[in-house]
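Enquirer: after the sequence you'll find the predicted model.
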Amino acid sequence: MDILLLGGSNAGLRDGWAAQFIEIATEHHVTNQFLGATGSLYGLLRLFKREQDRAAKPDLIVFEYALNDMILLDAHSLAKNVLRDTLDEVVQYCAERRIRLLFLVLQPRGVVSGSFSAAARVTRRYARTARMRSMFPCLTLPEILAGPPSEDCYQDPYHLTRPVSRLVAEAVWSTLRENEIPAPLAAPACGPAFAYIPATKARTLGPARLRQRESKVFKGLFLEIGRSGASYWPGRGRLVALMLRSSETAGLYQLKNSTLAYRKCAASLMQQTVAKLVVLHYLSRPFYVEDDLEISMPFDEAALLALQQDKTLQEAEPLALFAEQCLEINGVMLWRPLPSWMRWRRALTLAARRCRAKDSAPENVRRAAPYESKQDLRQ
């Protein structure tokens, strides 16, 4: 079986759950396409990119971005409706291609209790998406550990220790081995809610050129824009994220449409760990475009600093002098949500399909139980 792992930095650790899962699942072909410091929106982008690159279709995907979604939602970098539509799009992608899908829901250390916490809201959204699409129930960290994770389960606020990662890996393997993981139920086709516009589609002015960049986690063409350079992008919708490469020359840049302009910074605190970092930069403010998106590197420092800032999570001070800074961008993600009436109609159709699917599903698919506890795993 071909298994694709899509997850955040916990999936990328040398002794993380994904590495240990690969050690266990020796009879299967497992591909790990993790990227840290990003949420489920990057998982969707990765699926778009696989389609563009005509990569082989996996048999099953383990999707682990809930922890990062909790962080982003708590920091107001991710809107709840963007998360809703992202998961819906991921599931629809898998449903249309008959790819089996399992949501693995981890959580950061010190999760605040309460139904309105970011962790609770994200967990509910994943669970609801899985339920609405007749998926196997989400595999959550409290289920794996038979209770809420303690402080000792983490090596830092966001990363699990090696022993706990082992338990996660074994729980994923046990779940896949002992249960029939179905492909999600397909919803009526309504067109994609997201569009990823690659840098090759942008027009440029001034110092700007396309360059091939390749790293352990991502490769592709990036548009490198120097000071006084500008790029002009097609597409309509709400700009929700930009795929950037943050290096020692990353710095301040401008986002502009026909009525608004914001200042953003491509430098990231994560560069302390990875010097040349490819990461998805989210927008915290609503920013709509109608084929009028301009992403540029103005030469006037005072004018750029005078603009209102749209702050990015983990943003850092630029290392390079202002005149020597440049922007490296692979593409932008636009969001075009469905009208409310269309969402309601789609939900009703899905409910009817769920009823039909439940009546015809095999017993082990219809009544599959989530992984129960670490005690079971050790037997």
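Expert: Everything's here; your move. These numbers were taken from a predicted model, which means no experiment stands behind them.

Enquirer: helices along this protein, start to end?
Expert: Along the chain, the segments classed as helices by DSSP state H run 17-24, 40-52, 66-74, 80-97, 118-132, 141-145, 162-178, 301-305, 340-360, 363-366, 374-378.

Enquirer: what's the most buried one of those helices?
Expert: helix 66-74 (a mean of 25; mean count of other CB atoms under 10 Å). Using the backbone N, CA and C atoms, a C-beta is placed for each residue, glycine as well.

Enquirer: how close does Thr123 get to Ser296?
Expert: In this view, Thr123 and Ser296 are 39 Å apart by CB to CB, to the nearest Å.

Enquirer: ignore what I typed, I meant Leu104.
Expert: Leu104 sits 39 Å away from Ser296, taking CB to CB as the criterion.

Enquirer: so if I had to pick from the two, which one is more boxed in?
Expert: A side-by-side neighbour count of Leu104 and Ser296, using other CB atoms under 10 Å, places Leu104 first with 28 against 23.

Enquirer: please name the nearest non-neighbouring residue to the more buried one.
Expert: Closest residue to Leu104 apart from its sequence neighbours, by CB to CB, 6 or more residues apart in numbering: Glu64 at 4.1 Å.

Enquirer: quick check: that neighbour touching Leu6?
Expert: Yes. The pair Glu64 and Leu6 qualifies as a contact (CB atoms under 8 Å) at a distance of 6.9 Å.

Enquirer: for the protein, which element, helix or strand, carries the lowest mean pLDDT?
Expert: Per-element confidence for the chain was summarised using mean pLDDT, DSSP states H and E. The lowest value among helices and strands belongs to helix 374-378, with a mean of 39.

Enquirer: burial of Glu214, as a residue count?
Expert: Around Glu214 there are 9 other residues, counting by other CB under 10 Å.

Enquirer: is it bridged to anything, and to what?
Expert: When bridges are called by DSSP bridges, Glu214 pairs up with Lys219.

Enquirer: per-residue confidence for it?
Expert: As summarised for this prediction, Glu214 has a pLDDT of 90.

Enquirer: residues in contact with the residue nearest to Tyr282 when sequence neighbours are not counted?
Expert: Closest residue to Tyr282 in three dimensions, ignoring its sequence neighbours and counting by CB to CB, 6+ apart: Ser77, at 4.3 Å. With contact set as CB atoms under 8 Å, 6 or more residues apart in numbering, Ser77 has these partners: Tyr282, Leu283, Ser284, Thr312, Leu313.

Enquirer: determine which two of those are furthest apart.
Expert: Within the contacts of Ser77, Leu283 and Leu313 form the most distant pair, 10.7 Å apart (CB to CB).

Enquirer: circling back: now the residue nearest to Leu104: how far from Gly43?
Expert: Noted for Glu64: a distance of 9 Å to Gly43, by CB to CB.

Enquirer: overlap of the contact sets of the two?
Expert: Contact criterion CB under 8 Å, 6+ apart; residues shared by Glu64 and Gly43: Leu6, Gly7.

Enquirer: does Ala56 touch Thr31 like I think?
Expert: No. Ala56 is not in contact with Thr31 according to CB under 8 Å; the separation is 9.3 Å.

Enquirer: more neighbours, those two?
Expert: The residue with more neighbours, out of Ala56 and Thr31, is Thr31; 15 against 10, by other CB under 10 Å.

Enquirer: would you mind measuring from the more buried one to Glu214?
Expert: Between Thr31 and Glu214 the distance is 17 Å, computed by CB to CB.

Enquirer: nearest residue to Lys57 other than its sequence neighbours?
Expert: Once its chain neighbours are removed from consideration, Lys57 has its nearest residue in Arg97; the separation is 5.8 Å (CB to CB, 6+ apart).

Enquirer: what's the answer for Arg109, then?
Expert: Tyr154 (4.2 Å).

Enquirer: Pro182 contacts Phe136, correct?
Expert: Yes. Using CB under 8 Å, Pro182 makes contact with Phe136 at a distance of 6.6 Å.

Enquirer: any shared contact partners between those two?
Expert: Counting by CB under 8 Å, 6+ apart, Pro182 and Phe136 have no shared contacts at all.

Enquirer: ok so, going back, joint contacts of Ala56 and Thr31?
Expert: Taking CB under 8 Å, 6+ apart as the contact rule, the neighbours common to Ala56 and Thr31 are Asp2.

Enquirer: how about the contacts made by Asn330?
Expert: With contacts defined as CB under 8 Å, 6+ apart, the neighbours of Asn330 are Pro198, Ala199, Arg213, Phe218, Gly220, Leu221, Phe222, Leu223, Met243, Leu244, Arg245, Val278.
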